[in-house]
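*Asks:* no sequence on this one, just coordinates:
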């Protein structure tokens, strides 16, 4: 249940390697999460509306998203690099790119988990367990 957040859904949706497979799975949860992230990360209302219209073109692989060059690039580039290339192809006017790069460039860390594990190991020791 930890991966059912809007940001995870948007990361899944914006990952081009998943979208260009034949068996992509864009159900309601993924699309709702993606739209929520777009509304939160877009800078202006016009960018938000433009990005939402581009989502359907990306999902259907129309226009620049369906070109042979972009399909080949999807096999060689990381997701963030691929979206930056899309932005270059459209002369820096793709508002969906801004949101996608921000989502896909998030750093991940297991620091909170490490903190929980170290606390758990301090509490559950052999000496403490033998006191029961």
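*Replies:* Everything's here; your move. Model, not experiment: these values are computed from the prediction. Numbering: from 1, shown residues only.

*Asks:* can you list contacts of the lengthiest helix in the chain?
*Replies:* Secondary structure assigned by DSSP state H gives helix 45-60 as the longest helix of the chain. Identification of contacts with helix 45-60 by C-beta atoms under 8 Å, 6 or more residues apart in numbering yields 19, 26, 34-35, 38-39, 42, 63, 65-66, 94-96, 98-99. Using the backbone N, CA and C atoms, a C-beta is placed for each residue, glycine as well.

*Asks:* rerun that using 10 Å as the cut-off
*Replies:* 13-14, 16, 19, 24, 26, 31, 34-35, 37-42, 44, 62-66, 83, 86, 90, 93-100 (C-beta atoms under 10 Å, 6 or more residues apart in numbering).

*Asks:* so how far is it from its chain's centroid?
*Replies:* 15 Å (C-alpha atoms, centre = their mean, to the nearest Å).

*Asks:* buried ones in that helix?
*Replies:* Within helix 45-60, the residues scored as buried using 16 or more other C-beta atoms under 10 Å are 47, 48, 50, 51, 52, 54, 55, 58.

*Asks:* Please work out how many residues are found near residue 89.
*Replies:* 17 (other C-beta atoms under 10 Å).

*Asks:* now it: how far from residue 51?
*Replies:* In this view, residue 89 and residue 51 are 16 Å apart by C-beta to C-beta, to the nearest Å.

*Asks:* and if you look at residue 67?
*Replies:* 20 Å.

*Asks:* Which residue would you name as the spatial centre of this structure?
*Replies:* residue 11 (1.3 Å; C-alpha atoms, centre = their mean).
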